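Student: Next come a sequence and a model predicted from it.
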Amino acid sequence: MKDSIGLEASSGARAGQDAASPDAAPANRLMRAAVLHDVARMDVRQVARPEPGPRDVLVRVSAVGLCGTDFHIFEGHANYQTDRRGRPIPLRDAPQILGHEIAGTVLEVGREVRDLAPGDAVVLDQGLNCSSAARDPKCEYCVTGDSHQCKAALPTISPCRR
Ligand SMILES: [Zn+2]
Ligand SMILES: [Zn+2]
């Protein structure tokens, strides 16, 4: 995507947090994002910029791939944003920022991050894994370099609430 619909995202993906409500955010903590607010209806909106947690980094997105999953969500054939009972939450109630195949530049790092610094060019892993969660020992998948199969993996797609 070009900058006109670029977004910034936290690689630490605290999915489910209300990071995107623009009302509570100071002006310097806003960002633009392409927000899917209903099936096949996407607008560029001002949303709250995520606050990186201790082990998170905030990344300015320079490029994002369009995954098949994004198309399924856009077309209304899939919705992975679910309530506590596992039922999909309608996009009108919980708009989403799509795009989980991301490359960009680190803007901010959490206080426990030692291996990245602002200005670093990065490609994001779309899932949490043993390394991102500081688990020790790591699961068999993370030990063998297949962290995308991590037993403890969680999706990192952040919802957008308005
Ligand atoms: Zn994907
Ligand atoms: Zn793992």
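Tutor: On my side now, so go ahead. Ligands and ions are numbered 1, 2, ... in the order given.
Student: dump the residue contacts of residue 121.
Tutor: 103-106 (Cβ atoms under 8 Å, 6 or more residues apart in numbering). Glycine gets a C-beta too; all of them are placed from N, C-alpha and C.
Student: right, and the pair among the residues you listed with maximum separation?
Tutor: The most widely separated members of the contacts of residue 121 are 103 and 106, with 11.4 Å between them, by Cβ to Cβ.
Student: Would you mind pulling the contact partners of the longest helix anywhere in the chain?
Tutor: Longest helix in the chain, counting residues (DSSP state H): helix 68-74. Contact partners of helix 68-74, identified using Cβ under 8 Å, 6+ apart, comprise 36, 39-40, 42, 78-80, 96, 98-100.
Student: ok, the closest residue to ligand 1 within the chain to residue 98 distance?
Tutor: With Cβ to the ion as the measure, residue 67 is the residue of the chain nearest to ligand 1, at 3.0 Å. Separation of residue 67 from residue 98 (Cβ to Cβ, to the nearest Å): 8 Å.
Student: mind listing what the helix or strand hosting residue 122 pairs with, with the direction of each?
Tutor: Element membership of residue 122 [criterion: DSSP states H and E] is strand 121-123. Using DSSP bridges, the strands paired with strand 121-123 are strand 101-109 (antiparallel).
Student: For this structure, what lies in contact range of ligand 1?
Tutor: For the chain, the contact set with ligand 1 under Cβ under 5 Å from the ion comprises 67, 69.
Student: All the strands of the chain, in order from the start?
Tutor: In the chain, the strands defined using DSSP state E lie at 8-10, 30-38, 41-48, 57-65, 96-97, 101-109, 121-123.
Student: mean confidence for the fifth one?
Tutor: By that I understand strand 96-97. Mean pLDDT, strand 96-97: 94.
Student: try stretch 133-143
Tutor: Rounded mean pLDDT across stretch 133-143 is 91.
Student: That one and ligand 2, any residue contact?
Tutor: Yes. Under the criterion of Cβ under 5 Å from the ion, stretch 133-143 makes contact with ligand 2 via 139, 142.
Student: quick one: buried residues of that stretch?
Tutor: Using 16 or more other Cβ atoms under 10 Å as the test for burial, stretch 133-143 gives 133, 138-139, 141-142.
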